[in-house]
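Trainee: What shape does this take:
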Amino acid sequence: MFENDQDYSIVKIDTKAPSFNLPYYCPIKDDEGVMHLDDMKWKWVVLFFYPADFTFVCPTELKDMADNKEAFKDMWIQVLAASTDTVYSHKAWVKHESLMKNFPYKMLADHNLSTADAYNILDEETWLAGRGTFIIDPEGICRGIEVTSWPLGRNSEELLRKVEALQFMWANPWVACPARWKSGSKTLTPSIKISGEVGEQLKD
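Mentor: Predicted coordinates:
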């Protein structure tokens with residue numbers, strides 16, 4: 001859609017995340033500003049796209065993210081909510097929807113649709129973003145992509161588990177985290193020596 005933009009790229013796992021430069025509404029300060037992805041350099045970022053303000057599943061997801069704000073803070077994760085609405089719509093929604101009371105994160109306004117398109121979640125029939133969650137590491141590399149069906153809400157606790165595993169692997173190169181890994185669980189060091197014997201490696 002935005003082929004003529006020389007900076008345009010489509011998101012891919014384990015490659016540099018597409019850049020963006022978007023206006024935002026900050027509910028805590030009741031103020032607006034502009035956010036560039038480069039502003040988040042050397043931070044872990046969760047870019048949390050949702051379809052639209054004043055909808056139904058969306059406020060339940062954002063409340064779930066807000067309920068875990070201390071966990072995100074403790075893990076040095078910058079959460080950015082985003083939709084294709086304007087900053088004025090964001091402000092009105094926060095004011096009127098009880099589930100959005102005290103929402104702590106900046107809300108990006110991708111009103112020109114370019115970021116939703118670059119992150120490959122733009123619905124070209126409705127011009128709304130899908131439910132896309134993108135985990136970006138401190139070097140600007142996209143390490144996690146999750147896209148769910150519009151009627152299905154996401155789970156912030158599972159998101160925190162994924163980021164914790166990614167942070168562990170970022171600090172410990174060449175280590176892999178198996179399914180359902182949590183802090184303190186066994187990890188794997190991929191090698192032909194353990195091929196066919198992974199179960200043995202994970203035994204207590």
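
Trainee: so is the nearest residue to residue 146 once chain neighbours are set aside in a helix, a strand, or just coil?
Mentor: Sequence neighbours aside, residue 133 is the residue nearest to residue 146 in space, at 4.4 Å (criterion: CB to CB, 6 or more residues apart in numbering). From N, CA and C alone the C-beta is placed, and that goes for glycine too. Three-state call for residue 133 (DSSP: H, G, I helix; E, B strand; the rest coil): strand.

Trainee: residues in contact with residue 133?
Mentor: Contact analysis of residue 133 by CB atoms under 8 Å, 6 or more residues apart in numbering lists 46-49, 144-147, 154, 159.

Trainee: For residue 81, state which of these is nearest.
Mentor: If you rank the contacts of residue 133 by distance to residue 81 using CB to CB, residue 48 comes first, at 5.1 Å.

Trainee: Tell me, how many residues neighbour the closest residue to the closest one other than its chain neighbours?
Mentor: Closest residue to residue 48 apart from its sequence neighbours, by CB to CB, 6+ apart: residue 81 at 5.1 Å. By other CB atoms under 10 Å, the residues close to residue 81 number 24.

Trainee: same deal with residue 75?
Mentor: 14.

Trainee: show me where this protein has strands.
Mentor: Taking DSSP state E, the strands of the chain run over residues 21-26, 31-36, 44-49, 77-83, 106-109, 122-123, 128-129, 131-136, 142-148.

Trainee: can you redo the contacts of residue 133 as TSV with pLDDT, neighbour count and distance to residue 25?
Mentor: Rendered in TSV, the data for those read as follows (pLDDT from 0 to 100; neighbours: other CB atoms under 10 Å; distance: CB to CB, whole Å):
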residue	pLDDT	neighbour count	distance to residue 25
46	98	23	18
47	98	24	16
48	98	25	14
49	98	24	15
144	98	17	25
145	98	17	25
146	98	15	24
147	97	14	24
154	98	20	21
159	98	23	22
